[in-house]
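Colleague: Sequence and predicted structure, then a few things I'm wondering about:
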Amino acid sequence: MYVCNCNGIREREVHQAAMDGADRACEVFQRQGCKAQCGRCVQEMQTFLNNVRNNVALAAE
Ligand code: FES
């Protein structure tokens, strides 16, 4: 499933970015070699990143 339709960024790519330490949407765009275009995905991407990182933190407790 795509998180960013403009750049073709999928959930698994956002998930991997979070697992590699990304905590901001702009870092996901950088990793993918692109930039936000319309910006509609940024909030959803940030929420996705936060959820993954929170889950990792909980799992580590
Ligand atoms: S949907 Fe991601 S920049 Fe447009």
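Modeller: Yep, it's here. Numbering: from 1, shown residues only.

Colleague: Is Val52 in a helix, a strand, or coil?
Modeller: Following DSSP: H, G, I helix; E, B strand; the rest coil, Val52 is assigned to helix.

Colleague: Apart from its chain neighbours, what residue comes closest to it?
Modeller: Spatially, and ignoring its direct neighbours in sequence, Val52 is nearest to Ala18 (3.8 Å; Cβ to Cβ, 6 or more residues apart in numbering). All C-beta spots, glycine's among them, are computed from the backbone N, C-alpha and C.

Colleague: how many other residues sit next to that neighbour?
Modeller: For Ala18, the count of nearby residues is 22 (other Cβ atoms under 10 Å).

Colleague: I'd guessed it sits against Asn54; true?
Modeller: No - applying Cβ atoms under 8 Å, one finds Ala18 not in contact with Asn54, separated by 9.8 Å.

Colleague: backbone phi and psi for Met45, please?
Modeller: Backbone torsions of Met45, given as degrees, to the nearest 10, read phi -60, psi -40.

Colleague: what sits against it?
Modeller: 3-4, 9, 14, 25, 28 (Cβ atoms under 8 Å, 6 or more residues apart in numbering).

Colleague: Mark which of these are part of helices, please.
Modeller: Mapping those onto helices (DSSP state H) picks out 14, 25, 28.

Colleague: Point out the other helices and strands that the helix or strand where Gln16 lies packs with.
Modeller: Secondary structure from DSSP states H and E places Gln16 in helix 11-19. Applying 3 or more Cβ pairs under 8 Å, 6 or more residues apart in numbering; DSSP states H and E, one finds that helix 11-19 makes contact with strand 2-4, helix 25-31, helix 42-60.

Colleague: quick one: which of the contacts of Met45 is nearest to the ligand?
Modeller: Ranked by distance to the ligand (Cβ to the nearest ligand atom), these are led by Cys4 at 3.3 Å.

Colleague: That closest one - nearest residue in space that isn't next to it in sequence?
Modeller: Cys41 (4.2 Å).
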